[in-house]
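Colleague: I would like to see how this sequence folds:
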Amino acid sequence: MRNYPWYRGWHDAYEAKGLTVLGIHTPEGDGERVIDSIKKKAKDEKLAFPIVVDNDKQNWNAWGNSMWPTVYLIDKQGYLRTYWMGELKWQGADGEKIMREQIEELLAEE
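Modeller: Residues are numbered from 1 along each chain as shown. As a prediction, the model looks like this:
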């Protein structure tokens, strides 16, 4: 949830330039599996991009995830170019700036 402002910001700033933000919600507990609750949270947080619900952890396992959240940047050809594990501002990290710069670089590519 601490990354939500940046996900919203990236979506709002870069959607018209070709960025597609796709959320994948993998629940940590049983209460996070309820689709209506997930929809309500997305609406309340103004997350206007699609969110896949991964209740069976198929995506989680396919990507080899080990922590919530993890952000992946995939280029125009479908290749994974970089990722960030954990909160973007964890303990003073500047993950949001680093990822935003990477987004801008990827969008500038042919």
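
Colleague: From here on, just use CA atoms for contacts and neighbour counts.
Modeller: Fine.

Colleague: Could you check how far residue 96 is from residue 55?
Modeller: For residue 96, the distance to residue 55 equals 27 Å [Cα to Cα, to the nearest Å].

Colleague: and what of residue 66?
Modeller: Taken as Cα to Cα, the span from residue 66 to residue 55 is 16 Å.

Colleague: between these two, who's got more neighbours?
Modeller: For residue 66 versus residue 55, the count of surrounding residues by other Cα atoms under 10 Å is larger for residue 55: 19 against 11.

Colleague: wait, the more buried one sits on residue 30?
Modeller: No - taking contacts as Cα atoms under 8 Å, residue 55 lies outside contact range of residue 30: 9.3 Å.

Colleague: From one end of stretch 11-27 to the other, what's the distance?
Modeller: For stretch 11-27, the end-to-end distance is 22 Å (Cα to Cα).

Colleague: Tell me the buried residues in that stretch?
Modeller: In terms of neighbour count (16 or more other Cα atoms under 10 Å), stretch 11-27 has its buried residues at 11, 14, 19, 21, 24-27.

Colleague: what sits up against it?
Modeller: Contact with stretch 11-27 is made by 7, 10, 33, 48-57, 59-60, 103, 107, as judged by Cα atoms under 8 Å, 6 or more residues apart in numbering.

Colleague: Could you do stretch 65-73 as well?
Modeller: Residues outside stretch 65-73 that contact it (Cα under 8 Å, 6+ apart): 80-87, 103.

Colleague: Nice, that's everything, thank you.
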